[in-house]
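A.B. asks: I'll drop the sequence and a predicted model, then ask my questions.
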Amino acid sequence: MARWRRTALAPRAAKKHADIMTTIQKYFYAPQSNLITTILDDGWSSEDILENCEALIYSGSSIDDARKIMECINSGSKCRNLKMLSIPIDMIEFLDWKGLRYKLKHLHINEPMRGGIWDAYINNALPDFSKIFLDNLETMRVPCPLVKWKSFDVTKFRSLKWIGVELEEMDRLGQSLEIASKNNNIIGFDIFDPKGRDILRQLRPDLLGLAIYRQTSRSFNFFELSRFMELKYLRLTGGASEINIDDFLNLENLEELEIISYPSIKNARKLFDFKALRYLRIGGIRSKYLSNAEEKELKKIIGFCKFD
């Protein structure tokens, strides 16, 4: 039995959904939320399910199924409206990038179907990336640092606005962030599993958006956030160190702030000083950081404000 599902929000649901999503989520981290999405696993069979697909996500592990999907895309008979691909890294060798050059806007590359990304990375065995650069690509996510992916030149993507990079132990110094920052069109970063304390120093200071996921250093240098004077969107999800609002108090343009799953927040009363803030969500904090009266007052001031 084919295993797949298609998702598309009804108009009323779409509006409600959009109201509670940050700009980072809606346009960069999860752009498929705005697209007709088909999610395929192993065992799919009917090509008809790809007919009106705008976002295609493959979460299976079958090389044969992966080839069939890529053949459908390459033929041009299906997925004519395709704007987003989310695929394992070892599927990129099957794609005809020339045919996707002008229509693909989002490319999220995930862990490989075969073996592990760690082995491919340390052995310089990452697959060759196409020399045909995707002219309309706006967001990209890669499952490994860029330091050893020699065939991938992020500076060539002229429309790229947002990039997500996995760092972990493979790039403790955050050199991949410095490499990506050379593309002056990139206005935002998703950073996954940073291990180093000072990786934010590698980024250009003119960014508009930044998201950090699963930060495990207990002495992470959040004070570096104060360099990003133009920052509008900041998302901090899953961390081991205390958040001190004083560290980024001078971000006068900040419109959206999300802090999820941190041990504590210091000087949270300073949240009242962010005059441009229109979205605030804080959740999973292990210690009390605001009084009930302060939470209630913030909810009156900020358009969307939620404490989980």
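C.D. replies: The structure has been received and is ready for your questions. Residues are numbered from 1 along each chain as shown.

A.B. asks: Isn't Ile186 up against Leu177?
C.D. replies: No: contact criterion CB atoms under 8 Å: Ile186 and Leu177 do not qualify, at 10.1 Å. The C-beta positions use only the backbone N, C-alpha and C, and glycine is treated the same way.

A.B. asks: can you count the residues close to Arg101?
C.D. replies: Using other CB atoms under 10 Å, the number of residues around Arg101 comes to 15.

A.B. asks: If I look at it, what pLDDT would I see?
C.D. replies: Looking at Arg101, its pLDDT stands at 87.

A.B. asks: what about the strands in the stretch 51-200 of the chain?
C.D. replies: Per DSSP state E, counting those that start in this stretch, the stretch 51-200 of the chain carries strands over the ranges 55-58, 84-88, 106-110, 139-142, 162-166, 188-192.

A.B. asks: Now that we have those, can you turn them into JSON lines and tack on mean neighbour count, distance to Phe129 and mean pLDDT?
C.D. replies: Formatted as JSON lines, the strands of the stretch 51-200 of the chain follow (neighbours: other CB atoms under 10 Å; distance: least, CB to CB, whole Å; pLDDT from 0 to 100):
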{"stretch": "strand 55-58", "mean neighbour count": "24", "distance to Phe129": "18", "mean pLDDT": "90"}
{"stretch": "strand 84-88", "mean neighbour count": "22", "distance to Phe129": "13", "mean pLDDT": "93"}
{"stretch": "strand 106-110", "mean neighbour count": "22", "distance to Phe129": "9", "mean pLDDT": "93"}
{"stretch": "strand 139-142", "mean neighbour count": "22", "distance to Phe129": "10", "mean pLDDT": "94"}
{"stretch": "strand 162-166", "mean neighbour count": "24", "distance to Phe129": "14", "mean pLDDT": "94"}
{"stretch": "strand 188-192", "mean neighbour count": "22", "distance to Phe129": "19", "mean pLDDT": "95"}
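
A.B. asks: Among those, which comes closest to Glu224?
C.D. replies: Glu224 sits nearest to strand 188-192 of all those, at 12.1 Å, using CB to CB.

A.B. asks: In the sheet, which strands lie alongside that closest one, parallel or antiparallel?
C.D. replies: strand 162-166 (parallel), strand 209-215 (parallel) (DSSP bridges).
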